[in-house]
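Student: Build me a structure from this.
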Amino acid sequence: MTQLGLGLAALGRPEYLTVGHSASIEGRFDPVALEQLCHAVLDAAWDRGVRHFDVARSYGLAERFLGSWLSRQPNRRADLVIGSKWGYAYVADFQQGAEVHEVKEHSVARLAEQWPQTLHELGGAPDHYLIHSVTPDSPALSDGALLDDLRAVADSGTRIGISTSGPHQADVVHAALETGVFSSVQSTWNPLEPSAAPALARAHDAGWFVVVKEAMANGRLVAEDSALGRVADSAGIGRDALALAIALAQPWADVVLSGAATATQLEQNVAALSVDRELIVAAGLDSAENPERYWNNRSHLPWT
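Tutor: Take a look at the predicted model:
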């Protein structure tokens, strides 16, 4: 059964690409206040049965916040699956309106720097460790030394994988399958951008653990008029719940991430688990955009 997970992209740093994010969180430029909020959302997720948490080195202080939450409830760790990602460094330093938020580098040196940081912040190894946002121009899949270092991480007991973004996600997944190194993938999939589905189905059939991110298209499926929105509104259910329910219904998905930034949003997202199957079918996937257009639109979303 596909599970709902919680991604901390919007809970470890004050600004993110989600539409309407700036209106959701008060005091978000104060790391202490943001940590308290993050812990409250993690508590709400735990109470509702969410057991998969996703962080990354570039998610501000997300690893640290998750680690401090775990240190207060160490007995919970055995029941959780934790994924993290390396390859981006967060550089905005909680400064409002920063021009650059993260810097990407898929290198042996970056892995050597960030793997120990992840272990320190989480208080131990994650269950999954992914190369963050692999695209066709990334050297990650052809760098023999890097792949050897990743194999060493895998030998220590952590599952190695990739996350993908951009209009050529499917090509990246297919290429990663050929390396024989990876067994976990996190990709963007939603009714506006479903193009990676065949590749993700192939990965799932090969025994990979498949995680869906951005199932609400960075909030667009909630904020904009769409076929999905009209079905949800007519049925009297949340647009976010319907978008997540559509992703949860995909047979190749193991986990679908909620990007909730508050406990209230988390509660609304959890409603996806009880959406009627007929509504999922009615919403369909007929609103898909050309992948190039979708990712161009995403690249112009403001950090707020």
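Student: Please count neighbours and contacts with C-alpha atoms only from this point.
Tutor: Fine.
Student: State the next helix or strand along the chain beyond the helix or strand of the chain with the lowest mean pLDDT.
Tutor: In the chain, the helix or strand scored least confidently by mean pLDDT, DSSP states H and E is helix 277-283, which has a mean of 88. The helix or strand immediately downstream of helix 277-283 is helix 291-299, counting by DSSP states H and E.
Student: Can you pull out the residues in contact with that following helix?
Tutor: The contact list for helix 291-299, computed with CA atoms under 8 Å, 6 or more residues apart in numbering, reads 166-167, 192-193, 195.
Student: any idea of the mean pLDDT in that helix?
Tutor: Summarised as a single mean, pLDDT over helix 291-299 is 96.
Student: same deal with stretch 88-105?
Tutor: So the average pLDDT for stretch 88-105 ends up being 95.
Student: which helices and strands sit right next to the least confident helix or strand of the chain?
Tutor: helix 227-235, helix 239-248 (3 or more CA pairs under 8 Å, 6 or more residues apart in numbering; DSSP states H and E).
Student: now for those, which one comes closest to H174?
Tutor: Ranking the helices and strands packed on helix 277-283 by proximity to H174 (CA to CA) places helix 239-248 first, at 20.8 Å.
Student: following the closest one, which helix or strand shows up next?
Tutor: With elements assigned by DSSP H and E, the helix or strand that comes after helix 239-248 is strand 255-258.
Student: which outside residues touch the least confident helix or strand of the chain?
Tutor: Under CA under 8 Å, 6+ apart, the answer for helix 277-283 is 227-228, 231-232, 235, 242, 245-246, 249.
Student: Neighbours of A199, how many?
Tutor: For A199, the count of nearby residues is 18 (other CA atoms under 10 Å).
Student: ugh, typo on my part, it should be R293
Tutor: R293 has 12 nearby residues by other CA under 10 Å.
Student: same deal with the one 10 residues further on?
Tutor: Per other CA under 10 Å, the neighbour tally for W303 reads 19.
Student: Helices of this structure, start to end?
Tutor: Ranges of helices in the chain, per DSSP state H, are 31-47, 62-72, 108-122, 144-155, 169-179, 197-205, 220-223, 227-235, 239-248, 263-270, 277-283, 291-299.
Student: So which of those is the most surrounded?
Tutor: helix 239-248 (a mean of 26; mean count of other CA atoms under 10 Å).
Student: what about that one, distance to the chain center?
Tutor: Put simply, helix 239-248 sits 15 Å off its chain's centre (CA atoms, centre = their mean, to the nearest Å).
Student: on that earlier part again, for A217, which of the helices and strands packed on helix 277-283 is the nearest?
Tutor: A217 lies closest to helix 239-248 among those, at 8.9 Å (CA to CA).
Student: May I have that closest one as PDB, with CA atoms only?
Tutor: Provided in PDB are the C-alpha atoms of helix 239-248 (Å, rounded to 0.1, in the frame of the first residue of the first chain):
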ATOM      1  CA  ARG A 239      -7.800  20.200  -3.800                       C
ATOM      2  CA  ASP A 240      -4.600  19.200  -2.000                       C
ATOM      3  CA  ALA A 241      -6.200  15.900  -0.800                       C
ATOM      4  CA  LEU A 242      -7.400  15.000  -4.300                       C
ATOM      5  CA  ALA A 243      -4.000  15.800  -5.800                       C
ATOM      6  CA  LEU A 244      -2.200  13.600  -3.300                       C
ATOM      7  CA  ALA A 245      -4.900  10.900  -3.600                       C
ATOM      8  CA  ILE A 246      -4.200  10.700  -7.400                       C
ATOM      9  CA  ALA A 247      -0.500  10.200  -6.700                       C
ATOM     10  CA  LEU A 248      -1.200   7.600  -4.000                       C
END
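Student: Local confidence estimate at the nearest residue to N290 once chain neighbours are set aside?
Tutor: Excluding the flanking residues, the one nearest N290 by CA to CA, 6 or more residues apart in numbering is E193, at 7.6 Å. Note on E193: pLDDT of 96.
Student: Switch the helices of the chain over to JSON lines; also include distance to D254.
Tutor: JSON lines is the format used below for the helices of the chain (distance: least, CA to CA, whole Å):
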{"stretch": "helix 31-47", "distance to D254": "17"}
{"stretch": "helix 62-72", "distance to D254": "22"}
{"stretch": "helix 108-122", "distance to D254": "23"}
{"stretch": "helix 144-155", "distance to D254": "20"}
{"stretch": "helix 169-179", "distance to D254": "16"}
{"stretch": "helix 197-205", "distance to D254": "9"}
{"stretch": "helix 220-223", "distance to D254": "22"}
{"stretch": "helix 227-235", "distance to D254": "22"}
{"stretch": "helix 239-248", "distance to D254": "8"}
{"stretch": "helix 263-270", "distance to D254": "16"}
{"stretch": "helix 277-283", "distance to D254": "18"}
{"stretch": "helix 291-299", "distance to D254": "23"}
